[in-house]
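Participant: the amino acid sequence is not available; the structure is as follows:
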């Protein structure tokens, strides 16, 4: 029997980090009451998920199929800048994620599978060992996108010449012919 961490809708669904810029661990965290589920993932996965959620909601607006309001930007009252709920205990590391729109309930549906468990393999009748299933209202989904962009952007500054992250001690910039740059 699979462990399904289901939230429909969660009280809170956010991307966040633990650690200092340059060595941060990224998490998706869903909460409902005292129940907290944290799933570790890569920074690029946060970026991709936020972009696709934003695009999905834009598509729903464009096709006009939603009977309710689908906000074009995150509603102010849903902004969430609080840290991750403590303690942050990793349930599993995210592998494949799926994203869809449920037109009946007008919810964004996000499924996160552990590394090594692919949805295509599960289609053959196997149940996943574990799964995070989150169903978000359109407003919650826009707020998730807004926070995800802020979390990703809060890392190390990028070098204006080569685009690579700059550590506090500087970095060896390929555009500076191997000399160390210290300017942010």
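Facilitator: The structure has been received and is ready for your questions. Here the structure is a predicted model, which means the values were calculated and not measured. Residues are numbered from 1 along each chain as shown.

Participant: average pLDDT for the longest strand seen in the chain?
Facilitator: Taking DSSP state E as the criterion, the chain has its longest strand at strand 90-102. Averaging pLDDT along strand 90-102 gives 96.

Participant: now it, how far from the centre of its chain.
Facilitator: 9 Å (CA atoms, centre = their mean, to the nearest Å).

Participant: now for that strand, which elements pack on it?
Facilitator: In terms of contacts (3 or more CB pairs under 8 Å, 6 or more residues apart in numbering; DSSP states H and E), strand 90-102 is packed against strand 35-41, helix 43-63, strand 107-114, strand 130-136. Placement of C-beta: from N, CA and C, glycine included.

Participant: middle-most residue in this structure, spatially?
Facilitator: residue 46 (3.8 Å; CA atoms, centre = their mean).

Participant: so that residue is in contact with residue 152, correct?
Facilitator: Yes: Residue 46 is within contact range of residue 152, at 5.9 Å (criterion: CB atoms under 8 Å).

Participant: residues near residue 159, how many?
Facilitator: Neighbour count of residue 159, defined by other CB atoms under 10 Å: 20.

Participant: hang on, it packs against residue 170?
Facilitator: No: counting by CB under 8 Å, residue 159 sits too far from residue 170 to count as a contact (9.3 Å).

Participant: what's the burial count for the closest residue to residue 97 other than its chain neighbours?
Facilitator: In space, and not counting its chain neighbours, residue 97 is closest to residue 112: 5.0 Å by CB to CB, 6 or more residues apart in numbering. Close neighbours of residue 112, defined as other CB under 10 Å, add up to 26.

Participant: how close does residue 112 get to residue 129?
Facilitator: 13 Å (CB to CB, to the nearest Å).

Participant: can I assume residue 143 sits in a helix?
Facilitator: Yes: if the criterion is DSSP: H, G, I helix; E, B strand; the rest coil, then residue 143 is within a helix.

Participant: what's across from residue 38 in the sheet?
Facilitator: Here residue 38 sits in beta bridges with residue 29, residue 90, as judged by DSSP bridges.

Participant: what about it, distance to residue 29?
Facilitator: Applying CB to CB, the value for residue 38 to residue 29 is 5 Å.

Participant: now do residue 172
Facilitator: In terms of CB to CB, residue 172 sits 35 Å off from residue 29.

Participant: higher neighbour count, the two?
Facilitator: The residue with more neighbours, out of residue 172 and residue 29, is residue 29; 20 against 13, by other CB under 10 Å.
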